[in-house]
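Novice: here is a sequence with its predicted model. Questions after.
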Amino acid sequence: MNGIQRIQNRFKQEKVFVAYLTAGDGGMQRTLDAALALIAGGVNMLEIGVPFSDPVADGPVIQRAAKRALAAKTTLQDILQLTKEIRKKSDIPLILFSYLNPIFSVFNTTFFQEAAAAGIDGALLVDCPLEESNVFQQKCLENHIAPIYVITPSTPMERVRKIAQHGKGFLYYACRKGTTGVRTDLPSDFTEKMQSIQANVNLPVITGFGISSRDAATKVLQYADGVVVGSLFVKALEDGITPTELTTLAASINPLVRKKV
């Protein structure tokens, strides 16, 4: 099964509970332990963040994680080794989540072939507009990796439709303006925006940016095909959470399991 098919099959089976981790924060073994802990807590898709020195879409929590990971000299090859280890234990879709610069540096190498072989199913470049993504898209498709694009509340619907025609796997809806971070509520226009997006695209849509509670995640899944929790987990790791505690935290937020009364 190739990467695009693995993502498609996941959405055919159920909605998705996605976790984000910054690779190399605390070392690669720490990231591996955290990934497996989150999967044990019900996460069924994982975004693996490539640390970058200027993460303009991220708030302080993930900025600090990227800084620590870079200080530990985390490389793309380290991340591929990480995905190989995760893949030995799990068949959930693995998404490489990056800014353009780190990936641009490997466009003329065999990186995308290696990524596919290591178990990467999709790739998302946060700061790469559609018009600049031709090489990225080509490299992904040649290796059966889903090129994934970001849309926001300010993306005009005509452009949303255009982006959806080029993407594979799913669209990532960053549901609020500004940067990532832990927040307690959803934007007031969330329902209206999601209904409009779903009526105009054929790809699944997952929603992220600021989702940090079970209630918010459950509300998101009333309209979206998946929900992403990131900063909450990254902050917990920064604060020294153990793998067992991380599994418990993920399970407590998991919107796919009916809450016990």
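Specialist: Done, it's in. Numbers count the residues shown, from 1 in each chain.
Novice: all the strands of the stretch 51-200 of the chain, residue numbers only.
Specialist: 94-98, 122-125, 146-151, 171-174 (DSSP state E, counting those that start in this stretch).
Novice: so where's the stretch 1-150 of the chain shaky on pLDDT?
Specialist: Along the stretch 1-150 of the chain, the model assigns pLDDT under 70 to no residue.
Novice: what about the helices in it?
Specialist: 3-13, 28-40, 60-71, 76-89, 100-104, 111-118, 134-142 (DSSP state H, counting those that start in this stretch).
Novice: any idea which of those gets closest to residue 214?
Specialist: Closest to residue 214 of these is helix 28-40 (C-beta to C-beta; 14.9 Å). Quick note: C-beta positions are derived from backbone N, CA and C, even for glycine.
Novice: in that closest one, what's buried?
Specialist: The neighbour-count check on helix 28-40 (16 or more other C-beta atoms under 10 Å) flags 28, 31-40 as buried.
Novice: contact partners for the nearest residue to residue 92 once chain neighbours are set aside?
Specialist: Excluding the flanking residues, the one nearest residue 92 by C-beta to C-beta, 6 or more residues apart in numbering is residue 44, at 5.2 Å. Neighbour list for residue 44: 10, 14, 16-18, 92-93, 256 [criterion: C-beta atoms under 8 Å, 6 or more residues apart in numbering].
Novice: what is the most widely separated pair among those residues?
Specialist: 93 and 256 (14.7 Å).
Novice: these two: which is more packed in?
Specialist: residue 93 (27 against 16; other C-beta atoms under 10 Å).
Novice: ok, the more buried one - contacts?
Specialist: Residue 93 neighbours (C-beta under 8 Å, 6+ apart): 3, 6-7, 10, 16, 44-46, 121-122, 169.
Novice: how about it, phi and psi?
Specialist: phi -60, psi 140 (degrees, to the nearest 10).
Novice: I'd like the distance between the closest residue to residue 169 other than its chain neighbours and residue 93.
Specialist: Nearest residue to residue 169 in three dimensions, chain neighbours excluded: residue 146, at 3.1 Å (C-beta to C-beta, 6+ apart). Distance from residue 146 to residue 93, counting by C-beta to C-beta, to the nearest Å: 9 Å.
Novice: so what sits against both of those two?
Specialist: Between them, residue 146 and residue 93 share these contacting residues under C-beta under 8 Å, 6+ apart: 3, 7, 121-122, 169.
Novice: just the buried members of the residues you listed?
Specialist: Burial by neighbour count, 16+ other C-beta under 10 Å: within the shared contacts of residue 146 and residue 93 this picks out 3, 7, 121-122, 169.
Novice: okay, now stretch 7-24: how far is its last residue from its first?
Specialist: End-to-end distance for stretch 7-24: 24 Å, by C-alpha to C-alpha, to the nearest Å.
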